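K.L.:
turn this into a structure:
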Amino acid sequence: MRTIIAATALMMAAAFAEAASLGTAIITQDRVALRASPRDSAKQQAQLWQGEMVEIRSERLDYLQVYDYGRERGGFVRANQVRRLTLAAEEAPELLAIIRFVRDTPGSEALGIGLVAAFIQAAPVEVINGDAGSEALDALGTLADRMARRASGAANTNKSAEAALSAHLDVAARYGVKFANYERDGRMRLCYEGDAFRRVLAMRSTPEQRARAVLGLTRAECVNPGLRVTERYQADELRAEVLDRVDAAALPGYLKNRVLMRRASVWSAIAYQHTRKNLPSDAAANRALTELGGINKADLTDDDLAVYADAAMRASASRWAVLPAVAAKARATSIVTEAGEAGQTCVALVDAKRDIKNPLVRRCTYGIVWENSATLNREGNALALAVQQTDTWRELWIFRKSSSDGWTIGVLPPATMTPEVGYAEFAGWVPGGKEMLVAREASGDGKYKRNFELLRLDTLTPMRQAGDPTLLGAFQRWQDPAWKRQTLSLR
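P.N.:
Below is the predicted model of the structure:
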C-alpha cells in the first residue's frame, strides 16, 4: 500500500518543493491583491486566488512578504487573507479537519484541493496509505468532481463568476488535477478525470467512500461522445464493472439509491448494445429493471428525483429486451423484418395476400426494431411497434389504414425536442379503430415531461392529455392490461 498514491503525492508535492523550507501559506480568499509594498495603496502586482500556495519570506506590519513561484513574482499580501502552514507531520490532523469542513462547502473547491495537497505533503507515508489518506483522496475527488459540474453549468453566470471559476480550474491544474472537455448538443461539459476516485477504490476505504468514487467515475454525461460503437460498448462494460465494486447493501438509503439508479442506467445501455451485436440481451435488461426496482422512493432526495426519472426512462427504452419474441399469427396482419442497407433493418407489413416481396407498407431504420412489441387493434386497421433509435430514445411506429391512402406509417417520438432521453409507448386501443392510448416521457433541452394521451389515429395528435392517467377516462376503460403490468411510466 505504500506506493498506491505515490504518483499523486509527487504531483502535489511539487507545488511545495521550494517553498517548504522557508514557510508556506495558502491563500484562503479570492481576488487577493499581491502588492508591491505592505500598504493598501501600493500597486497591485497580481491577483491571487483561493487554494494557491506561496512562500513566506518575511513579515512587515500586518502583511506577509511572499513569493509566488507559479507567476515568478514576489510581493505583499495581508496576513488575514492566508493560512500559514508548517507542512510538518504534526499539522496533518489539523489539515484533515479543515478538509472535512471545506469538502461540503460549495465554491471552496480550489481551497479544498490546495489543503489536500498540503495534507499529502505533510502526512507521513503510513498515514497517507491509511484511513486518513483514503478520506483525503475521497475529498479530493469530491471537490474536483463538484468543480467540474460547476463549470459545466456556468453558461448563465456573470463575468465575475466566470473569471473566478476559470481561476479555480487553473489552481486545480497546478496540483495535477486533470479534467476532460466534451461537447454535447452544442454545449461544453467539463468532467473530472477521476484519478483520486480510482485510488480510493484501490485502497482500504469505507462503503460510502467507494460509492462516491464509483458514482464519480461512471457519469453518463462524462462518457466521451466521440467513441465508436465498440469503444462505447467497452466503456459501458467497464462502468458496470466499476459499479459492482461497491456493496450497495452497506450504504445509507439515499446513497444506495444513487448507486442503484446508476446501475439501472448502465445496464439498460448494455442491453441495447447486446441487441445491436445480436447477443442475448435479456439478462442485461433484467438487471436494469431489478436495480431500478430496488430503489426506495422514500429515500430519494429532492436532487435525486430528476436522476430517478432519467434512470427509469433509460431502463424503459430497453425494456422490450426482457420479453421473448412472439411469433406472428398465421394469416393475420403482422410485421416482418429483413436486412436493408448496411446497418439497416427494414420493416414490412404483410397479411394473407401481401407477403414481404409485396408488402402493404415498408420502412427502414438504423434503430432496433422490437418485433415482440407489435400489437394489432381489434378492427385490424392499426398496428403499434416500438423502435429504439439509441440506447436512451425509443419511438413508437404506428401503422394506419385509411380508405384513401391505404396503409401508412407515422412515427411518434417521445417529445418534440432534441433526442436525449425518453420513450413513447403504446398503452391501449380504443374500440372503433379511430383512437389509441399512448404514454410518453422525455427529457432534453433542460426540460422534462411525462404525458398520458388519447391520440387520434388519422393525425397522431392528442385529443386529451394529462400527467396522471387517472385523470383520463379513456385510460381507466381501455388501457391495455399487458402494458399496465410491464410499463415503468406508472412507477
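K.L.:
going forward, measure contacts and count neighbours with C-alpha atoms only.
P.N.:
Will do.
K.L.:
so which residues of the chain form helices?
P.N.:
Here the chain has its helices, by DSSP state H, at 6-13, 92-102, 109-122, 125-128, 131-152, 159-174, 195-202, 207-217, 229-243, 253-276, 282-293, 305-317, 473-478, 481-486.
K.L.:
pLDDT of the shortest one, averaged?
P.N.:
In other words, helix 125-128. Across helix 125-128, the average pLDDT comes to 95.
K.L.:
now do the buried residues in it.
P.N.:
Buried residues in helix 125-128, counted by 16 or more other CA atoms under 10 Å: 125, 127-128.
K.L.:
again with the second one
P.N.:
By neighbour count, with 16+ other CA under 10 Å as the criterion, the buried positions of helix 92-102 are 92, 95-96, 99, 102.
K.L.:
need those in JSON lines (columns: pLDDT and distance to residue 142).
P.N.:
Converted to JSON lines, those look like this (pLDDT from 0 to 100; distance: CA to CA, whole Å):
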{"residue": "92", "pLDDT": "97", "distance to residue 142": "19"}
{"residue": "95", "pLDDT": "97", "distance to residue 142": "17"}
{"residue": "96", "pLDDT": "97", "distance to residue 142": "14"}
{"residue": "99", "pLDDT": "97", "distance to residue 142": "11"}
{"residue": "102", "pLDDT": "95", "distance to residue 142": "11"}
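K.L.:
what's the burial count for residue 65?
P.N.:
Other residues within reach of residue 65, judged by other CA atoms under 10 Å, total 22.
K.L.:
and the residue nearest to it when sequence neighbours are not counted, what is it in contact with?
P.N.:
Leaving aside its chain neighbours, residue 65 sits nearest to residue 76 (4.5 Å; criterion: CA to CA, 6 or more residues apart in numbering). By CA atoms under 8 Å, 6 or more residues apart in numbering, the residues touching residue 76 are 34-38, 63-66.
K.L.:
look up how far residue 28 lies from residue 76.
P.N.:
As judged by CA to CA, to the nearest Å, residue 76 and residue 28 stand 15 Å apart.
K.L.:
now do residue 68
P.N.:
From residue 68 to residue 28 the distance is 15 Å (CA to CA).
K.L.:
out of these two, which sits in the more crowded spot?
P.N.:
residue 28 (23 against 18).
K.L.:
measure how buried the residue lying closest to that one once chain neighbours are set aside is and give me the count.
P.N.:
In this structure, residue 28 finds its nearest non-sequential neighbour in residue 50, 4.7 Å apart by CA to CA, 6+ apart. The number of residues packed near residue 50 is 26, by other CA under 10 Å.
K.L.:
do you know the pLDDT at residue 50?
P.N.:
With respect to pLDDT, residue 50 has a value of 98.
K.L.:
again with the one 4 residues further on
P.N.:
With respect to pLDDT, residue 54 has a value of 96.
K.L.:
give the contact list for it.
P.N.:
Taking CA under 8 Å, 6+ apart as the test, what residue 54 contacts is 19, 24-27, 66-69.
K.L.:
out of the residues you listed, which end up buried?
P.N.:
19, 24-27, 66-68.
K.L.:
residue ranges with poor pLDDT in this structure?
P.N.:
Applying pLDDT under 70 to the chain flags the ranges 1-22, 154-156, 185, 325-331.
K.L.:
please repeat the previous calculation with a cut-off of 50.
P.N.:
Residues of the chain that meet the criterion pLDDT under 50 lie in 1-7, 10-11, 14-21, 328, 330.
K.L.:
would you agree the residue nearest to residue 28 is in contact with residue 27?
P.N.:
Yes - shown here, residue 50 and residue 27 form a contact pair, counting by CA atoms under 8 Å, at 4.8 Å.
K.L.:
and for those two, which residues touch both?
P.N.:
Counting by CA under 8 Å, 6+ apart, the contacts common to residue 50 and residue 27 are residue 111.
K.L.:
thinking again about what came up before, for residue 59, which of the helices of the chain is the nearest?
P.N.:
Across the helices of the chain, residue 59 has its closest neighbour in helix 109-122 (21.7 Å, CA to CA).
K.L.:
now do the closest one: everything it contacts.
P.N.:
9, 12-13, 16, 26-28, 50-53, 87-92, 95-96, 98-99, 102-103, 128, 133, 136-137, 139-140, 143-144, 146-147, 168-169, 171-172, 175.
K.L.:
got it, and stretch 23-31?
P.N.:
Under the criterion CA under 8 Å, 6+ apart, residues 16, 47-57, 81-87, 111, 114-115, 164 lie in contact with stretch 23-31.
K.L.:
one step back: just put the buried residues of helix 125-128 in CSV and tack on distance to residue 460.
P.N.:
Putting these into CSV (distance: CA to CA, whole Å) gives the following:
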residue, distance to residue 460
125, 67
127, 66
128, 63
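K.L.:
of these, just say which sits nearest to residue 357.
P.N.:
residue 128 (70.7 Å).
K.L.:
counting neighbours, what do you get for the residue lying closest to the closest one once chain neighbours are set aside?
P.N.:
Spatially, and ignoring its direct neighbours in sequence, residue 128 is nearest to residue 120 (6.8 Å; CA to CA, 6+ apart). If you count neighbours by other CA under 10 Å, residue 120 ends up with 28.
K.L.:
which residues does residue 370 contact?
P.N.:
Contacts of residue 370 (CA under 8 Å, 6+ apart): 320-321, 385-388.
K.L.:
try 6 Å
P.N.:
386-387 (CA atoms under 6 Å, 6 or more residues apart in numbering).
K.L.:
could you pick out which of the buried ones among the contacts of residue 54 are located in strands?
P.N.:
24-27, 66-68 (DSSP state E).
K.L.:
okay if I get those residues as JSON lines plus distance to residue 337?
P.N.:
Below are those laid out as JSON lines (distance: CA to CA, whole Å):
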{"residue": "24", "distance to residue 337": "71"}
{"residue": "25", "distance to residue 337": "70"}
{"residue": "26", "distance to residue 337": "66"}
{"residue": "27", "distance to residue 337": "66"}
{"residue": "66", "distance to residue 337": "74"}
{"residue": "67", "distance to residue 337": "72"}
{"residue": "68", "distance to residue 337": "69"}
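K.L.:
closest one of these to residue 159?
P.N.:
Nearest to residue 159 among those, with distances taken as CA to CA, is residue 27, at 22.0 Å.
K.L.:
run through the bridge partners of that closest one.
P.N.:
residue 82 (DSSP bridges).
K.L.:
distance of it relative to residue 38?
P.N.:
Counting by CA to CA - residue 27 and residue 38 are separated by 17 Å.
K.L.:
over to residue 443?
P.N.:
In terms of CA to CA, residue 443 sits 55 Å off from residue 38.
K.L.:
repeat that for residue 112.
P.N.:
28 Å.
K.L.:
out of the two, which sits in the more crowded spot?
P.N.:
When neighbours are counted by other CA under 10 Å, residue 112 comes out ahead of the other of residue 112 and residue 38, with 30 against 20.
K.L.:
gap between the more buried one and residue 167?
P.N.:
14 Å.
K.L.:
same check on residue 484?
P.N.:
53 Å.
K.L.:
endpoints of stretch 454-468, how far apart?
P.N.:
Start-to-end, stretch 454-468 (CA to CA) is 12 Å.
K.L.:
can you tell me what sits against that stretch?
P.N.:
With CA under 6 Å, 6+ apart as the test, stretch 454-468 has contacts from 434-437, 450-453.
K.L.:
related to what we said a few turns ago, any chance of TSV for the contacts of residue 54, columns distance to residue 400?
P.N.:
Formatted as TSV, those follow (distance: CA to CA, whole Å):
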residue	distance to residue 400
19	77
24	76
25	74
26	70
27	69
66	78
67	77
68	73
69	73
